[in-house]
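*Asks:* the amino acid sequence is not available; the structure is as follows:
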């Protein structure tokens, strides 16, 4: 973890900037009192009214003691990385009853399970003796923590987060094949708690944890999850919106979960979390969420693994449907029919932001090629991402490989082709004579959905000579040929037919509109929907609006497939309950 020298800490603290700087760099957030109180209520329901007297409590990343300062404990230990925080706790008189309040880097010591004690291999040799003895004597020890959520290169941080993940625990996780989740700091805290329970099997270790719920269902947490759930039993949990934390602008789910040592082997557990929101009258439970810890492959990797061909070809790099980046390098798998721009976040938020379809490679290379061998997977994944309605409690939910053996899946996948053609994030385009590497290039739209023959007739009927010339030596595009051999549902076919009719009725204005708007490249016979709709909105607005209504109705029918086929495996139930009643 990142540490600060005393001088810097003092300067930042005097300016009132320490907390903001620390949050930004390490991903640490300071827990609001309303959710601290709710966590204490949750623990009391499960461990009994006297849990503060019966359990040794250790907040090993206490910050300024937000989780404990308003309560009294029989045997409490507070530790944190920053000596300045320790000074603040003592100066304010928080938890004056605590046995020890001390500076300690929880991730710097890693217990080695099979090593005989010498004490320095216990993983807690640098903590107070009384706390060490609590483990050795087999006491009940509850970790009550809100650890940092930082990971190298992850969403909240910028350059300042580079390197925050490295620690002794990180190395131990790597050596034991725990997986890529080791770069997430709160995963390291989980692993250290797991190792301490293994090191001191006579102790009864528990955990009250504030964190994102990724460890419950992300494939990247699979190995950690197996170790954790084989050792601990899930007791209860609740979730709330991250914006409750100070300085957090992004919206994601925070889950408080309570775990205790698993006493006997049991069948696979189910993990439920109550969904809670704050109102003017207090906390309202609006439903519940069941996490699925299925170990299916992520939908992103399932789609990407067929996105490569042995040979690469040059292509024009794009930053959007109509904008090129000629200074970027354009290299893509041979035989490509499109490109999915994707930031690599295989979750609901990632699918909504920064994911779209292009006719050529994205300028920064973020994403993957769409080839004939993975086009149905790609459009299935794209449709699932765009069909998911985002709410605060599902933004972090991952996408899994769908149940392709479901009898209704093939038809849904066929219809996803049509859905992908007309979504707002469908940015396939056809460009003519754009500059790249000192030459003029054409970008062709392999997602065009009408035949060359029909477009030829339309161009000739209206004597659109630029389009007639553009059609010379051309052939039908890939998606049109696929659609000719694909059985569509009635509503998908209706959407496709209406889109084709709009192209037919707009051909009369196309030449004049193209001359007025040369940046739209509408002389290209295979211009994409994202180009054509500019003309439709100007000259055929009523018909275009009718098409949008038709598409939205089709979209609502398609939406059920996201959960039906298991793209998202977590389930939700609704039902309001006032916690104050």
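*Replies:* Cool, the structure landed. Note that the coordinates shown come from a computational prediction; the quantities given were computed from them, not determined experimentally.

*Asks:* what's the neighbour count on residue 491?
*Replies:* 18 (other CB atoms under 10 Å). C-beta: built from backbone N, CA, C; applies to glycine.

*Asks:* so, low pLDDT: which residues of the stretch 51-200 of the chain?
*Replies:* Along the stretch 51-200 of the chain, the parts satisfying pLDDT under 70 run over 113-120, 150-165.

*Asks:* quick one: the strands in the stretch 151-300 of the chain, in order.
*Replies:* Using DSSP state E, counting those that start in this stretch, the strands found in the stretch 151-300 of the chain span residues 204-211, 232-241, 253-261, 271-279, 282-291.

*Asks:* and the stretch 451-581 of the chain, by the same measure?
*Replies:* 571-578.

*Asks:* tell me, what residue is most central in the chain?
*Replies:* Against the mean C-alpha coordinate of the chain, by CA atoms, centre = their mean, the closest residue is residue 347 at 3.5 Å.

*Asks:* phi, psi of that residue?
*Replies:* phi -140, psi 180 (degrees, to the nearest 10).

*Asks:* was I right to think it contacts residue 397?
*Replies:* Yes: the criterion here is CB atoms under 8 Å, and residue 347 meets it with residue 397 at 6.0 Å.

*Asks:* just the helices in the stretch 301-450 of the chain please.
*Replies:* Ranges of helices in the stretch 301-450 of the chain, per DSSP state H, counting those that start in this stretch, are 348-352, 375-387, 409-422.

*Asks:* select the helix or strand of the protein having the lowest average pLDDT value.
*Replies:* helix 6-14 (a mean of 37; mean pLDDT, DSSP states H and E).

*Asks:* that older thread, to residue 516, which of the strands of the stretch 151-300 of the chain lies closest?
*Replies:* strand 232-241 (46.8 Å; CB to CB).

*Asks:* mind listing the strands that closest one pairs with, and their directions?
*Replies:* Partners of strand 232-241 in the sheet, by DSSP bridges, are strand 253-261 (antiparallel), strand 271-279 (parallel).

*Asks:* ok, of the ones you listed, where does mean pLDDT dip lowest?
*Replies:* Ranked by mean pLDDT, the strands paired with strand 232-241 end with strand 271-279 at the bottom, a mean of 92.

*Asks:* what comes into contact with it?
*Replies:* For strand 271-279, contacts defined as CB atoms under 8 Å, 6 or more residues apart in numbering pick out 34, 38, 213, 216, 234, 236-241, 244, 255, 257, 283-291, 293, 393, 572, 579.

*Asks:* that strand: which residues count as buried?
*Replies:* 271-277 (16 or more other CB atoms under 10 Å).

*Asks:* closest one of the residues you listed to residue 221?
*Replies:* Of the buried residues of strand 271-279, the one sitting nearest to residue 221 (CB to CB) turns out to be residue 271, at 12.5 Å.

*Asks:* which residues sit in contact with residue 135?
*Replies:* Here residue 135 is in contact with 122, 124, 141, 196, 199-200, 203 (CB under 8 Å, 6+ apart).

*Asks:* 10 Å - rerun?
*Replies:* Residues near residue 135 by CB atoms under 10 Å, 6 or more residues apart in numbering: 56, 58, 111, 122-124, 127, 141, 196-197, 199-200, 202-203, 205.

*Asks:* so of these, which ones are in helices?
*Replies:* Members of the contacts of residue 135 lying in helices (criterion: DSSP state H): 196-197, 199.

*Asks:* just to revisit the earlier point, got the helices of the stretch 301-450 of the chain as JSON lines, with distance to residue 78 and mean neighbour count columns?
*Replies:* Formatted as JSON lines, the helices of the stretch 301-450 of the chain follow (distance: least, CB to CB, whole Å; neighbours: other CB atoms under 10 Å):
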{"stretch": "helix 348-352", "distance to residue 78": "34", "mean neighbour count": "21"}
{"stretch": "helix 375-387", "distance to residue 78": "43", "mean neighbour count": "24"}
{"stretch": "helix 409-422", "distance to residue 78": "53", "mean neighbour count": "21"}
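
*Asks:* quick one: which of these is nearest residue 553?
*Replies:* Across these, closest to residue 553 is helix 409-422 (CB to CB), at 12.0 Å.

*Asks:* what's the angle between the closest one and helix 375-387?
*Replies:* 70 degrees (axes from the mean of the first three to the mean of the last three CA atoms, to 10 degrees).

*Asks:* can I get the strands of the stretch 151-300 of the chain in TSV with distance to residue 173?
*Replies:* Shown next, in TSV, are the strands of the stretch 151-300 of the chain (distance: least, CB to CB, whole Å):
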stretch	distance to residue 173
strand 204-211	16
strand 232-241	17
strand 253-261	19
strand 271-279	22
strand 282-291	22
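
*Asks:* of those strands, which is nearest residue 560?
*Replies:* It's strand 282-291; of the strands of the stretch 151-300 of the chain, that one is closest to residue 560 (CB to CB) at 18.3 Å.

*Asks:* pairing partners for the closest one, with directions?
*Replies:* Checking strand 282-291 against DSSP bridges gives partners strand 271-279 (antiparallel), strand 571-578 (antiparallel).

*Asks:* can you list the buried residues in it?
*Replies:* So for strand 282-291, counting by 16+ other CB under 10 Å, buried means 283, 287-289, 291.

*Asks:* and stretch 296-304, by the same measure?
*Replies:* For stretch 296-304, a neighbour-count test (16+ other CB under 10 Å) marks 296, 298-300, 302-304 as buried.

*Asks:* what's the closest of those residues to residue 95?
*Replies:* residue 298 (42.3 Å).

*Asks:* how about the contacts made by the closest one?
*Replies:* Contacts of residue 298 (CB under 10 Å, 6+ apart): 218-220, 304, 346-347, 398-401.

*Asks:* residue 437: which of these is nearest?
*Replies:* Of the contacts of residue 298, the one sitting nearest to residue 437 (CB to CB) turns out to be residue 304, at 27.2 Å.

*Asks:* number of residues surrounding the residue nearest to residue 530 when sequence neighbours are not counted?
*Replies:* Distance criterion CB to CB, 6 or more residues apart in numbering; nearest residue to residue 530, sequence neighbours excluded, is residue 321 at 4.7 Å. By other CB under 10 Å, the residues close to residue 321 number 23.

*Asks:* with residue 338 as the reference, measure out to residue 321.
*Replies:* 12 Å (CB to CB, to the nearest Å).

*Asks:* pLDDT weak spots in the stretch 301-450 of the chain?
*Replies:* Using pLDDT under 70, the stretch 301-450 of the chain has no residue that qualifies.

*Asks:* surely residue 254 touches residue 35?
*Replies:* Yes: taking CB atoms under 10 Å as the definition, residue 254 is a contact partner of residue 35 at 7.9 Å.

*Asks:* please parse this protein into its domains.
*Replies:* 6-236, 299-564 (automatic domain parsing).

*Asks:* with distance to residue 263 as added columns, please give those domains in JSON lines.
*Replies:* Converted to JSON lines, these look like this (distance: least, CB to CB, whole Å):
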{"stretch": "domain 6-236", "distance to residue 263": "8"}
{"stretch": "domain 299-564", "distance to residue 263": "31"}
